[in-house]
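Q: take this sequence and fold it.
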Amino acid sequence: MTHSLSPAIMVVMKLARLFVFLFIFSIAFVGCEDPDRRPIQVVTEGVKISDLSPPDKPAMPPEIHFRIYTFILSEQMLAESDNIFEILGKDTFTFVNSEAFKANGFATGYAKDDLWSELGRRLKQAGAVGVKDTAMIVYDNKGDDLVFGTLNKRVTIDYFTSADASFKTNISPGKLAWRIIATPIEDKPGTAKVSISAVSKPDFSRSADPFLESRKPKAIIYDASRFELEMSPGGFLVLAPEKYDPEISLETLGLTESGEFELLKSDPAAIADPQAGGLTLGKLLFKVEGRPLVRFVVVVCIRTGN
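A: Below is the predicted model of the structure:
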């Protein structure tokens with residue numbers, strides 16, 4: 001005996017199948033949704049704006065900017081340097097040994113920017129000619145070197161450790177330089193402590209001995225030349241040869257073709273006293289090789305921070 005379903009029941013069953021189909025289809029559709037297109041929920045509770053900022057960059061050491069001018073003038077006009085140093089102060093310097101500094105043939109002075117034009121006028125009056133303009137940025141405790149000469153052979157100098165104590169020392173072939181180290185002074189904004197010293201940088205790179213190259217010595221710092229001072233933007237210092245006694249002058253110093261320093265035998269003072277006119281560190285640094293000229297170096301502080 002066969003029973004047939006009523007039309008009403010059949011309609012209900014079709015609707016049920018349709019709902020089941022739509023339900024399964026909707027689940028499948030949601031499961032395949034592109035995750036990149038889903039809405040992003042922004043959680044702000046407990047989050048500060050500062051937490052969302054990018055991480056800070058590593059702090060950079062402060063930069064001390066200098067401009068360095070090198071002048072030359074004739075040895076005969078060296079006496080005019082007294083006129084130049086009249087406008088420069090000396091009370092701001094701290095020396096390792098001020099008497100040794102002078103005995104080695106160095107002179108220095110400091111002034112502010114209001115005397116810059118007057119310095120230029122006096123340098124011109126002394127016949128000084130600008131030959132080099134160097135920008136230097138010092139940003140760590142190692143400092144930087146202002147190289148001004150090269151030695152091709154070993155040179156022997158008289159090195160003073162005090163006003164009346166000296167000994168002969170050899171300087172190896174290599175570079176001669178002024179080393180400048182500068183650091184900001186925390187409790188004096190816009191001011192830096194500047195340390196300057198003469199250094200020689202031996203060069204054995206041309207040696208055929210690899211062991212000698214690997215043991216190449218570091219730069220030699222001459223303490224008797226070192227001094228410190230505080231500088232601020234616009235301030236400048238002058239490094240120059242000390243005025244010599246006429247009987248022990250730069251004119252007693254000659255150069256052979258090989259570049260070795262020696263006393264001119266025609267100089268009576270040199271013959272009478274072997275020490276007269278001896279080569280000191282200052283003479284070596286400021287002498288322009290092969291010419292009757294000396295150097296004046298002017299160091300200008302431009303900026304003392306980043």
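Q: how about the secondary structure of T70?
A: Following DSSP: H, G, I helix; E, B strand; the rest coil, T70 is assigned to strand.
Q: look up the closest residue to it, ignoring the ones flanking it.
A: Spatially, and ignoring its direct neighbours in sequence, T70 is nearest to K132 (3.9 Å; CB to CB, 6 or more residues apart in numbering). Where C-beta positions appear, they are placed from N, C-alpha and C, glycine not excepted.
Q: what comes into contact with the helix or strand harbouring the one you found?
A: Using DSSP states H and E, K132 sits within strand 129-138. Residues outside strand 129-138 that contact it (CB atoms under 8 Å, 6 or more residues apart in numbering): 63-73, 144, 146, 180-182.
Q: give the buried residues for stretch 78-92.
A: 78, 80-81, 84-85, 88 (16 or more other CB atoms under 10 Å).
Q: is the nearest residue to R226 once chain neighbours are set aside bridged to anything, and to what?
A: Spatially, and ignoring its direct neighbours in sequence, R226 is nearest to S197 (3.7 Å; CB to CB, 6+ apart). Beta-bridge pairing of S197 under DSSP bridges involves R179.
Q: one step back: could you give the mean pLDDT of the strand holding K132?
A: On average, the pLDDT along strand 129-138 is 90.
Q: list the contacts of whatever helix or strand comes next after that strand.
A: For strand 129-138, the following helix or strand on the C-terminal side (DSSP H and E) is strand 144-151. For strand 144-151, the surrounding residues in contact (CB under 8 Å, 6+ apart) are 68, 70, 134, 136-138, 171-180, 199-201, 219, 259, 285, 289, 295, 297.
Q: please pick the buried ones from the residues you listed.
A: Neighbour-count burial (16+ other CB under 10 Å) applied to the contacts of strand 144-151 gives 68, 70, 136, 138, 171, 173-180, 199-201, 285, 295, 297.
Q: all strands for the chain, in order.
A: With strands called from DSSP state E, the chain shows them at 64-74, 94-95, 106-111, 129-138, 144-151, 155-162, 165-171, 174-184, 192-202, 220-231, 236-241, 253-255, 261-263, 293-303.
Q: flag every buried residue along the fifth one.
A: Residues of strand 144-151 classed as buried under the neighbour-count rule (16+ other CB under 10 Å) are 144-146, 148-149, 151.
Q: over to the first one?
A: By neighbour count, with 16+ other CB under 10 Å as the criterion, the buried positions of strand 64-74 are 64-66, 68-74.
Q: now the angle between strand 236-241 and it, please.
A: Orientation check (axes from the mean of the first three to the mean of the last three CA atoms, to 10 degrees): strand 64-74 against strand 236-241 gives 40 degrees.
Q: show me what strand 64-74 pairs with in its sheet, parallel or antiparallel.
A: Neighbouring strands of strand 64-74 in its sheet, by DSSP bridges, are strand 129-138 (antiparallel), strand 293-303 (antiparallel).
Q: shaky segments in this structure?
A: 1-60, 80, 204-217, 243-277, 306 (pLDDT under 70).
Q: L281 touches S225, doesn't it?
A: Yes - between L281 and S225 there is a contact under CB atoms under 8 Å: 6.3 Å.
Q: tell me, what's touching those two both at once?
A: Common contact partners of L281 and S225 (CB under 8 Å, 6+ apart): 104, 106, 198.
Q: what's the closest non-adjacent residue to the last one?
A: Across the structure, with CB to CB, 6+ apart as the measure, the residue nearest A198 apart from its sequence neighbours is S225 (3.9 Å).
Q: tell me how many other residues surround the one you found.
A: 26 (other CB atoms under 10 Å).
Q: look up how far Q125 lies from it.
A: To Q125, S225 is 28 Å away according to CB to CB, to the nearest Å.
Q: over to I171?
A: Counting by CB to CB, the separation of I171 from Q125 is 34 Å.
Q: what do you get for I137?
A: 32 Å.
Q: kindly report the same for P241.
A: P241 sits 18 Å away from Q125, going by CB to CB.
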